[in-house]
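# just coords:
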């Protein structure tokens, strides 16, 4: 066992601060559901591995990139988890595979519990050679997700929760269990993971999402978004509901308010109303009401 073993456990009521503590990717968080954010982050650092347990009470948009030099296995924390990551639907026995520098784009549901495990690529290569599967890294390069057996999923969930809650330091079993269960799956025919039903809706959501974030300070109307990406309002609404749980208008509103909040917390402004105007909020009372409804606090409190 490596001597440089570090265990941290932190509780948060600020999702930006929560994101700041995550070591496994360069990620920005945005809150999409209404109410005060509550989160817990437990992390184990030992040698070439970072093991985390993430708990969040709100629907959160995560956007960023995987950490350089590592492969991160996005493991749902239990069999009940069901969330969208990139073009994949991750469930209890479906693991996401986030490669070094790869785009991370995820919408987690309320009361989310996930357990990503990041392993240095050099160590992962040595481990796969030891297990008699030297082509493991090249094999997973073509995958974004993979289906493992229910038995393996239950075992992984147990090992991860045990190590995060009891601080046993008996983590070697996790290091070997992840590639073992994936190697077993690579020999089966159902190893491509489960793509989210309706590939066209995924593409519509992706295009609409990118357009919203590109024009966040000069937001387009829903009609303009539909015109630019060439879809009907109905199809746009279905795509956003499937992937974020929100209508396009609600998603746009939440993202704008998150940008306002980010600037308010940075303290790089003169007046709150100036920030509100910058993002198209001209009615002061409505802006404050919408802000408090989403975050559970007034702009002045942020």
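Thanks, I have the structure now. Remember, it's a predicted structure, so these values are computed and weren't measured experimentally. Numbering: from 1, shown residues only.

# From here on, just use CA atoms for contacts and neighbour counts.
Noted.

# Do you have the helices of the stretch 1-150 of the chain handy? List them.
Remark: helices assigned in the stretch 1-150 of the chain by DSSP state H, counting those that start in this stretch are 15-21, 121-130, 136-140, 150-166.

# mean pLDDT lowest for which of the ones you listed?
Ranked by mean pLDDT, the helices of the stretch 1-150 of the chain bottom out at helix 150-166, with a mean of 80.

# Can I get the helices of the stretch 1-150 of the chain in a markdown table including mean neighbour count and distance to residue 256?
Rendered in a markdown table, the data for the helices of the stretch 1-150 of the chain read as follows (neighbours: other C-alpha atoms under 10 Å; distance: least, C-alpha to C-alpha, whole Å):
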| stretch | mean neighbour count | distance to residue 256 |
| --- | --- | --- |
| helix 15-21 | 16 | 15 |
| helix 121-130 | 16 | 37 |
| helix 136-140 | 15 | 37 |
| helix 150-166 | 16 | 35 |
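
# And those helices: which comes nearest residue 276?
Put simply, out of the helices of the stretch 1-150 of the chain the one that sits nearest residue 276 is helix 15-21, at 19.3 Å, with distance taken as C-alpha to C-alpha.

# so where's the stretch 1-150 of the chain shaky on pLDDT?
Applying pLDDT under 70 to the stretch 1-150 of the chain flags residues 1-4.

# Do a quick rundown of the strands in it.
For the stretch 1-150 of the chain, the strands defined by DSSP state E, counting those that start in this stretch occupy 5-12, 25-31, 39-46, 49-56, 60-66, 70-76, 82-85, 88-91, 94-98, 103-108, 112-120, 145-147.

# Take the ones you listed and write them to a markdown table, including distance to residue 248.
Converted to a markdown table, the strands of the stretch 1-150 of the chain look like this (distance: least, C-alpha to C-alpha, whole Å):
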| stretch | distance to residue 248 |
| --- | --- |
| strand 5-12 | 28 |
| strand 25-31 | 15 |
| strand 39-46 | 26 |
| strand 49-56 | 23 |
| strand 60-66 | 14 |
| strand 70-76 | 27 |
| strand 82-85 | 17 |
| strand 88-91 | 20 |
| strand 94-98 | 26 |
| strand 103-108 | 14 |
| strand 112-120 | 22 |
| strand 145-147 | 27 |
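
# Among the helices of the stretch 1-150 of the chain, which comes closest to residue 105?
Shortest distance between residue 105 and the helices of the stretch 1-150 of the chain, using C-alpha to C-alpha, is found for helix 15-21: 13.8 Å.
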